[in-house]
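Visitor: one predicted model, sequence on top.
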Amino acid sequence: MGIDRQAFRALSYGLYIVASTEGDRLNGQIANAVMQVTSRPPRIAVALNKENLTHQLVENSGLFSVSVLEEDTPLKFIGLFGFKSGREVDKLSQVKYEVGETGVPMVTENAVAVMEAKVTGSVDVGSHTLFIGEVVGAKVVSQETPMTYAYYHKVKGGKSPKTAPTYVEDKMEKPEEERREEMKRYVCEVCGYVYVPTKGDPDNGVAPGTAFGDLPEDWVCPVCGAGKDQFTPED
Ligand code: FE
């Protein structure tokens, strides 16, 4: 049968921040592999890459927290936790968080719910470790809609909107090839963010319908901060 990797995309996930602490060091990272594994006692599992600082902190402290992010979480916020290393940036100093009873930081900014857990077991799964933890505290932070991984890719990461915006009509008179060039999507080589001309980058003052080539030279990836030269055309 072979392995069609597209099949994995059918698995649904959320988008979370997993955070931990060791001494006075705090860090957190984006994770999509988080799930509840038992109800009594309540246990959750998270898969963390062994190379990440958060992995090191969880391994050493035996503690972690999970923040469930809401749909409206800005890309920049996700970029801070997903594409910057805690070895270079103090991420927690830039966001709102609370300290749980175990001492772990729980990021409350853009969170729908937070929980803290004590590690009860771990499984070495190669590139990652699956940490299983017993939840010792959990609370709902807001009534917003939790972000799914699919939503993050489709809406935040940028697929063309279903309805064709007006500017497409404006460009109808240009030669087909030129139009196609202007509508070309560009991928950030650093983080995978896709610049979609039909969407633009309104958060940073770029109107929908702006071709990649027309972006200001100092424009940077809204997720990871990489410059324009880090982008390549899609396909
Ligand atoms: Fe990027």
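Guide: In hand now; what should we look at?
Visitor: against the ion, how distant is the residue most central in space within the chain?
Guide: Centroid-nearest residue in the chain, with Cα atoms, centre = their mean: residue 78, separated by 4.4 Å. For residue 78, the distance to the ion (Cβ to the ion, to the nearest Å) stands at 11 Å. All C-beta spots, glycine's among them, are computed from the backbone N, C-alpha and C.
Visitor: now do the helices in this structure.
Guide: Assigned by DSSP state H, the chain shows helices spanning 53-61, 75-82, 149-151, 166-170, 176-182.
Visitor: lowest average confidence across these, which one?
Guide: The minimum mean pLDDT among the helices of the chain belongs to helix 166-170 (a mean of 32).
Visitor: tell me the residues of this protein that contact the ion?
Guide: Within reach of the ion by Cβ under 5 Å from the ion, the chain has these residues: 188, 190, 191, 193, 221, 223, 224, 226.
Visitor: repeat that with 8 Å
Guide: With Cβ under 8 Å from the ion as the criterion, the chain meets the ion at residues 79, 83, 188-193, 221-226, 230.
Visitor: go through those residues and flag which are in strands.
Guide: residue 188 (DSSP state E).
Visitor: how about the contacts made by the nearest residue to residue 135 once chain neighbours are set aside?
Guide: Distances taken as Cβ to Cβ, 6 or more residues apart in numbering place residue 42 nearest to residue 135, at 4.3 Å, with adjacent residues excluded. By Cβ atoms under 8 Å, 6 or more residues apart in numbering, the contact list for residue 42 reads 36, 134, 135, 138.
Visitor: show the contacting residues for the third one.
Guide: Applying Cβ under 8 Å, 6+ apart, one finds that residue 135 lies in contact with 41, 42, 43, 44, 115, 116, 117.
Visitor: just the buried members of those?
Guide: The neighbour count (16 or more other Cβ atoms under 10 Å) marks 43, 44, 115, 116, 117 as buried among those.
Visitor: from the residues of the chain next to the ion, keep the buried residues only.
Guide: Here the buried ones among those, as counted with 16+ other Cβ under 10 Å, turn out to be 79, 83, 188, 190-191, 193, 221-226, 230.
Visitor: JSON lines for those, including distance to residue 14?
Guide: Below are these laid out as JSON lines (distance: Cβ to Cβ, whole Å):
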{"residue": "79", "distance to residue 14": "18"}
{"residue": "83", "distance to residue 14": "18"}
{"residue": "188", "distance to residue 14": "23"}
{"residue": "190", "distance to residue 14": "23"}
{"residue": "191", "distance to residue 14": "19"}
{"residue": "193", "distance to residue 14": "19"}
{"residue": "221", "distance to residue 14": "23"}
{"residue": "222", "distance to residue 14": "21"}
{"residue": "223", "distance to residue 14": "18"}
{"residue": "224", "distance to residue 14": "21"}
{"residue": "225", "distance to residue 14": "24"}
{"residue": "226", "distance to residue 14": "25"}
{"residue": "230", "distance to residue 14": "28"}
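Visitor: now, the contacts of residue 135 that are in strands?
Guide: Reading strands off the contacts of residue 135 with DSSP E, I get 43, 44, 115, 116, 117.
Visitor: so the fourth one makes contact with residue 65?
Guide: Put plainly, it is residue 116. Yes. Residue 116 lies in contact with residue 65 (Cβ atoms under 8 Å); the separation is 4.5 Å.
Visitor: overlap of the contact sets of these two?
Guide: 100, 104, 106.
Visitor: so how do I select the buried members of those residues in PyMOL?
Guide: Filtering the shared contacts of residue 116 and residue 65 down to the buried ones (16+ other Cβ under 10 Å) takes a single PyMOL command:
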select buried, resi 100+104+106
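Visitor: brilliant, that's me finished.
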